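*Asks:* sequence unknown, structure follows:
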């Protein structure tokens, strides 16, 4: 049992709440804060695709809107054979709001990979460039 099994299980459950009426591509995320609290997110689609919000950003924004500022890890779960990493927008938000945290990718069949935010977004743009 890995340190992230519980986080993966919570992300799988969050995936069940996804609103994926157009793509049928359901994603769940679970973000562990340094406080120990876990925040969930699921993708929420819109007929105007650009207004869709990914599971990772939903979890991060939910945590931040409740006052959290330090994070330990995020798990992302999809129902695909090949594990699905966060999109570019989510990679940027993870880096800026969470730093170089572990990003755990998992599927419903039990396949799991661990990467860091820095590995997913090399040479990130952040406040150090402003």
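*Replies:* Cool, got the structure. What you are looking at is a predicted structure, and each value in this text was computed from that prediction instead of being measured. Numbers count the residues shown, from 1 in each chain.

*Asks:* residue 39 contacts residue 67, doesn't it?
*Replies:* No. In terms of C-beta atoms under 8 Å, residue 39 does not count as a neighbour of residue 67; the distance is 11.2 Å. C-beta coordinates here come from the backbone N, C-alpha and C atoms, glycine included.

*Asks:* more neighbours: which of these two?
*Replies:* residue 39 (23 against 8; other C-beta atoms under 10 Å).

*Asks:* show me where the protein dips below the pLDDT cut-off.
*Replies:* Low-confidence regions of the chain, defined by pLDDT under 70, span residues 1.

*Asks:* quick one, helices of it?
*Replies:* For the chain, applying DSSP state H gives helices covering 5-15, 55-65, 88-98, 117-120.

*Asks:* just list what the shortest one packs against, helices and strands only.
*Replies:* Packed against helix 117-120, as judged by 3 or more C-beta pairs under 8 Å, 6 or more residues apart in numbering; DSSP states H and E, are the following elements: helix 88-98.

*Asks:* with adjacent residues omitted, what lies nearest to residue 29?
*Replies:* For residue 29, the nearest residue in space outside its immediate sequence neighbours is residue 55; the separation is 3.9 Å by C-beta to C-beta, 6 or more residues apart in numbering.

*Asks:* list the contacts for that neighbour?
*Replies:* Residue 55 sits next to 11, 14-15, 18, 27-29, 41-43, 76 when contact means C-beta atoms under 8 Å, 6 or more residues apart in numbering.

*Asks:* change it to 7 Å
*Replies:* Taking C-beta atoms under 7 Å, 6 or more residues apart in numbering, we find residue 55 in contact with 14, 27-29, 41-43, 76.

*Asks:* most tightly packed of the helices of the chain?
*Replies:* Using mean count of other C-beta atoms under 10 Å, the stretch among those with the largest mean neighbour count is helix 55-65, at a mean of 22.
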